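Asks: okay, sequence plus prediction incoming.
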Amino acid sequence: MRRSVILFISLFKNIVNANPIIKNNHIPACRNCKFYTPLHYNEFESDMNRCQKFGEKNIITDEIQYDFVSTCRKDEEKCGLEGKAFEAESNVEIKQFIHILQYHAPSFYLGFLIVSYFGFSMIILK
């Protein structure tokens, strides 16, 4: 009985302290690339954001339509799974902060209007 308890405890320790196996841990993330462009209506980490490295130009309107990052990573002729066209962004935190301001701009604007309206109402009512 005692041996089985010791065996169980030693196996349980190995299970709890086992090293995690993380796939694609060595591959760079698109969000850290300088070509990664988050759209103002998407979350910063969304795979529906655009890559400014790959796209197509409309020859009539002169507008460039950039590809989705998820499409670029699935296509081996573009960036591929390994991130062949990856170039590190030096200011990811600033880029993310600017995106948060743009993403929440309507809420900030509405909040400003409400606060200014009630603040102005309080001044007039005094």
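Replies: Sure, I can see it.
Asks: and the contacts of whichever strand in the chain runs longest?
Replies: The longest strand of the chain (DSSP state E) is strand 50-57. Strand 50-57 has contacts (C-beta atoms under 8 Å, 6 or more residues apart in numbering) with 30, 33, 35-37, 39, 63-69, 72, 78-79, 85. From N, CA and C alone the C-beta is placed, and that goes for glycine too.
Asks: for ChimeraX, write the selection for the buried entries among the residues you listed.
Replies: The following ChimeraX line selects those of the contacts of strand 50-57 that are buried, judged by 16 or more other C-beta atoms under 10 Å:
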select :30,33,35,36,66,67,69,72,79
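Asks: immediately after the helix or strand of the chain with the lowest mean pLDDT, which helix or strand?
Replies: The weakest-scoring helix or strand in the chain, judged by mean pLDDT, DSSP states H and E, is helix 2-16 (a mean of 60). Sequence order places strand 36-37 as the next helix or strand after helix 2-16, per DSSP states H and E.
Asks: what pairs with that next one, parallel or antiparallel?
Replies: Note on strand 36-37: by DSSP bridges, its sheet partners are strand 50-57 (antiparallel).
Asks: any idea which helix or strand comes after the strand it pairs with?
Replies: Reading on from strand 50-57 to the C-terminus, the next helix or strand found by DSSP H and E is strand 64-68.
Asks: kind regards, and thank you for your time.
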